[in-house]
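> Model the following, please.
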Amino acid sequence: MYYCVLNFPSMLKQIIVALLILFPIVNYAQKLEEVKIDPVSHLLIKHTSWEKFTKTGQFNSYFRMSQVDSAYFFEIRIILNEPKPMEAKEGEELIFTLSNGEKLTLNCFKGKKSCLGCGAVTIAGNSSPGIELSYHLTKQQLEKLRINQVLTKEEYAQHKKEEIEHIKLNITSGSIEHELSENSYYQIRKSIKLLKK
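Numbers count the residues shown, from 1 in each chain. Have a look, this model is predicted:
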């Protein structure tokens, strides 16, 4: 008994360290976060969890995929590294460039202006300027991004013909551009697979 009391602080430290190691795995495991029938419109609504998308000198961003009845949306939250205002008007474009040169153009569903905490997914971004934007996806565009949803990440490494290599976000003050990693595109495919279950 005396031995256990003496070692309680070291055991507590080990438990805390284990929780800190496991927390990111639990917290960032991509999943279907919400599935519900809207009580007013009676439409089916689905949202995947927010996932890390890009990180550059200009901004950090997160994305999720959503479904409202038969309509699909690509949603993005951007945390700006500079406090300058940002605005995207309804209809402005988000352009995905595939490695074969083909471009997929999505249109902003609703105009938005940046504000403090608007791009935050965690507590860390609550005091930073940011913006959340939603882009409508047609079924054809969804299938283009989906490609072959049954491929594993390893199998997909050999199937790059239609991989997204570049993203361009048009806003009123200009545009934001970034090269996408293979992992970012894999996360998009995984989100679509979750919605289509």
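> and the residue nearest the centre of the chain, what is it in contact with?
Central residue of the chain (CA atoms, centre = their mean): residue 63, 1.7 Å from the mean position. By CB atoms under 8 Å, 6 or more residues apart in numbering, residue 63 lies in contact with 50-51, 53, 74-77, 187-188, 191. Every C-beta, even on glycine, is put in place using the N, C-alpha and C of the backbone.
> which of these lies closest to residue 144?
residue 188 (10.8 Å; CB to CB).
> Around the closest one, count how many other residues there are.
21 (other CB atoms under 10 Å).
> Over to residue 72?
22.
> can you tell me the helix or strand for it?
Assigned by DSSP states H and E, residue 72 belongs to strand 71-80.
> Would you mind pulling the contact partners of that strand?
By CB under 8 Å, 6+ apart, the residues outside strand 71-80 that reach it are 50, 53, 58-67, 86, 94, 106, 109, 114, 118-121, 125, 128-139, 142, 169, 176, 188, 195.
> Check the offset of that strand from the chain's centre.
In terms of CA atoms, centre = their mean, to the nearest Å, the centre of strand 71-80 is found 7 Å from the chain centre.
> got a list of what residue 111 touches?
Residue 111 sits next to 87-90, 92 when contact means CB under 8 Å, 6+ apart.
> 10 Å instead, please
Taking CB atoms under 10 Å, 6 or more residues apart in numbering, we find residue 111 in contact with 87-92, 133, 172.
> List just the nearest of these to residue 30.
residue 133 (20.1 Å).
> And the closest one, which helix or strand is it part of?
Counting by DSSP H and E, the element that carries residue 133 is strand 129-137.
> That strand: which residues count as buried?
By neighbour count on 16 or more other CB atoms under 10 Å, the buried set for strand 129-137 is 129-135, 137.
> follow-up on the earlier one: please pick the buried ones from the contacts of strand 71-80.
50, 53, 59-67, 86, 94, 106, 109, 114, 118-121, 125, 128-135, 137, 142, 169, 176, 188, 195.
> Could you list which of these belong to helices?
Of the buried ones among the contacts of strand 71-80, the ones assigned to helices by DSSP state H are 142, 188, 195.
> With distance to residue 39 and pLDDT as added columns, please give those in CSV.
Below are these laid out as CSV (distance: CB to CB, whole Å; pLDDT from 0 to 100):
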residue, distance to residue 39, pLDDT
142, 27, 86
188, 30, 85
195, 21, 87
